[in-house]
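Asks: kindly generate the corresponding structure for this input.
(chains A and B)
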There are 2 protein chains.
Amino acid sequence: MKLLSTLTLTTSLLMASSLMKEAKDAGLKPIPSSQTELLKLIDNPNNPITDAKIELGKKLYFDPRLSKSEIISCNFCHNLGEGGDDGVEASIGHKWTANPHHVNAPTVYNAVFFTTQFWDGRAKDLEEQAQGPIQAHPEMAATKEHVENVVNSMPEYVSEFQKAYGDNVKISFEKVTDTIGLFERILVTPSPYDSFLNGEENALTTEQKQGLKTFIKIGCTSCHTGVGLGGEMNAFNITATYKYMNVGDFKGDKNGMVKVPTLRNITQTAPYFHNGKIWSLKEAIKEMGRIQLGTDISNKEVNEIETFLKALTGTKPTLTLPILPASTDKTPKPDLN
Amino acid sequence: MKLLSTLTLTTSLLMASSLMKEAKDAGLKPIPSSQTELLKLIDNPNNPITDAKIELGKKLYFDPRLSKSEIISCNFCHNLGEGGDDGVEASIGHKWTANPHHVNAPTVYNAVFFTTQFWDGRAKDLEEQAQGPIQAHPEMAATKEHVENVVNSMPEYVSEFQKAYGDNVKISFEKVTDTIGLFERILVTPSPYDSFLNGEENALTTEQKQGLKTFIKIGCTSCHTGVGLGGEMNAFNITATYKYMNVGDFKGDKNGMVKVPTLRNITQTAPYFHNGKIWSLKEAIKEMGRIQLGTDISNKEVNEIETFLKALTGTKPTLTLPILPASTDKTPKPDLN
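Replies: Residues are numbered from 1 along each chain as shown, chains lettered A, B, ... in the order given. Just a heads-up that it's a prediction; the model follows:
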């Protein structure tokens, strides 16, 4: 019995090690377990992370006064208490306007690992992305001037910007969005899957390992790759035969392609696809096989892949709810129209 | 010099002590500095505070899925990062509907000290209050069944209710709102003013003490009294000559009276009055003198009172942003219409 159990263990170790190699060969990469390595991966060389900038960025992220109505913050559509998104098909913004292109709010968690931002990849990083929704009319509907006037109207914000960037800082719209983007860079969620890829054989269950094998075998890793398991390429052809292809007027990038979304925390980010038309994870897996891989993924394989995907649920950073500076007589008034 | 400075100190101590007595005689009471005393004051005898209930109540407070659209949480209008309110005249809710009576969202901070809830005092406590906005059509617009179905669809919530209330708990709408109300009971913000009334002579500056004297002398304490400096009576006659009296169709209580709001954190809760029509604190002070006390408060006195009111800005509890349970296949879908 002793011998048998040792043998079983050795076999299982060998299998796991070989799976680890297979996963890496397929382009999968873990969130580094070393904080130094992680910082290298997520930092912005043009605006290095400091505690002062992150604390300030968090406040701005949660501050609804940046919007025209002053009641919609970044967190409204990218809710950090949920999956970093809003759980509706197409986000609702200023004046209850649904996103006119009917695109689904992507999660902000682990978005730092994407090589481009937005569903068509039109922004190069989180800092550039942050400029979009604040100004978009169906989202936060603010002007650059509104944002600058709001922030500059509160001495507490001015002092925090000075602490973060030096006394001569000019608090421009771009400085605000750069700081929000920087805060978003720390929103990473290491999971059992990462522990496994970082060498912890037992971080995944046997079932999850089987799921990972199937995930690789089916070919999911041809798009869902890298640290983000997505976010590295535009690969979904929006004109492919697809039962919900005519929802909204979103056309993808110039080639009609849509960015591959991350699979991290996928059980928390329904509904799925760029137009949010699929609510069931099983259906999403099945549809992707059909559309992208020309494969009919069997129910057994769908279940296996789903089991693996659950191992991508990570630990979210513990955030203290920021207490925002009080408005002053100089703060612009909300405009609900 | 030594003697003079001792004399000055003694005089100032005597003055402060007499002011402390004067304030207490005028009905002003501090938030107790003893945690035991505070707990006695804020606890619900029918549902005593425990850590498990508070953590659960916090999640529910921040969970937008309790609303019909699943994007509006309690925190949307009673934002704990702001003044416990939303900073607009009349709250915006489901489908961007402004409160049809044009009433302003009162702060949830220190609301536990009010003897009744809502502007007309129609709810007896925070637990009863919490039932209102969740169901009100222009606010969260949910049915009781929606709330029950949402919470019961997530095993993590069910398990937390069991931890809080025992394995046989029935997760009814009322259990949910009772738990939210209980969480709201801990949202108290002790301020320099409380330290002063609790015996710390130097907690208030000379200017703030002068302001407190003026506040009492003018008669503000006839309504702004108790621990809440408000919330203990309906005293504002809505039909009094008042430049904004015809905004909205809110009629006050059966006697046409409106509840006295708290003055705690008043610099963070503009706009003011039940209809949110006054944005300037100075104007609010002046108007109250005119309408309620029949007094023309001089500009000097307005400034003094405002200086005192700033000492009511308290320290908010440090809250960790709750990570909400993930929706499941059983969770009702959002309804944005």
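Asks: if we ignore the residues flanking it in sequence, what's nearest A:Lys160?
Replies: That one is not Lys; residue A:160 is Glu. Counting by Cβ to Cβ, 6 or more residues apart in numbering or on different chains, the nearest residue to A:Glu160 once its immediate chain neighbours are dropped is A:Leu56, at 4.7 Å. Using the backbone N, CA and C atoms, a C-beta is placed for each residue, glycine as well.
Asks: can you check the pLDDT for the one you found?
Replies: For A:Leu56, the pLDDT comes out at 98.
Asks: wasn't it part of a helix?
Replies: Yes: remark: A:Leu56 belongs to a helix, assigned using DSSP: H, G, I helix; E, B strand; the rest coil.
Asks: how close does it get to A:Val158?
Replies: 11 Å (Cβ to Cβ, to the nearest Å).
Asks: more neighbours: the two, which one.
Replies: The neighbour count for A:Leu56 versus A:Val158, taken as other Cβ atoms under 10 Å in any protein chain shown, is higher for A:Leu56 (24 against 15).
Asks: right, and A:Leu229 touches A:Thr262 too?
Replies: Yes: when contacts are counted by Cβ atoms under 8 Å, A:Leu229 is listed as touching A:Thr262 (5.7 Å).
Asks: check contacts around A:Lys144.
Replies: A:135, A:172-173 (Cβ atoms under 8 Å, 6 or more residues apart in numbering or on different chains).
Asks: quick check: A:Val112 touching A:Leu126?
Replies: Yes: using Cβ under 8 Å, A:Val112 is in contact with A:Leu126, at 6.3 Å.
Asks: overlap in contacts, these two.
Replies: Common neighbours of A:Val112 and A:Leu126 (Cβ under 8 Å, 6+ apart) are A:184-185.
Asks: tell me where the model's unsure across the stretch 1-150 of chain A.
Replies: Where the stretch 1-150 of chain A drops to pLDDT under 70, the residues are A:1-16.
Asks: what parts of it come near chain B?
Replies: A:59, A:62-65, A:69-71, A:76, A:79-83, A:86-88, A:92, A:95-96, A:98 (Cβ under 8 Å from any Cβ of the partner chain).
Asks: what strand or helix carries the residue nearest to A:Pro325 when sequence neighbours are not counted?
Replies: Leaving aside its sequence neighbours, A:Pro325 sits nearest to A:Glu156 (Cβ to Cβ, 6+ apart; 3.4 Å). Assigned by DSSP states H and E, A:Glu156 belongs to helix A:155-165.
Asks: next one: whatever helix or strand comes next after that helix, is it in contact with chain B?
Replies: The first helix or strand that comes after helix A:155-165 along the chain, using DSSP H and E, is helix A:173-185. No: shown here: helix A:173-185 not in contact with chain B (Cβ under 8 Å from any Cβ), separated by at least 13.0 Å.
Asks: do you have the strands of the stretch 1-150 of chain A handy? List them.
Replies: Ranges of strands in the stretch 1-150 of chain A, per DSSP state E, counting those that start in this stretch, are A:92-93, A:97-98.
Asks: just checking: what are the partner strands of the first one?
Replies: Put plainly, it is strand A:92-93. In the sheet, strand A:92-93 lines up against strand A:97-98 (antiparallel) (DSSP bridges).
Asks: distance of the nearest residue to A:Ser191 once chain neighbours are set aside from A:Thr262?
Replies: Counting by Cβ to Cβ, 6+ apart, A:Ser191 lies nearest to A:Gly314, which is 3.8 Å off, once chain neighbours are set aside. Counting by Cβ to Cβ, the gap from A:Gly314 to A:Thr262 is 11 Å.
Asks: joint contacts of these two?
Replies: Residues touching both A:Gly314 and A:Thr262 (Cβ under 8 Å, 6+ apart) are A:Asn110.
Asks: which of the two has more neighbours?
Replies: Relative neighbour count places A:Thr262 above the other of A:Gly314 and A:Thr262, with 25 against 19, counting by other Cβ under 10 Å.
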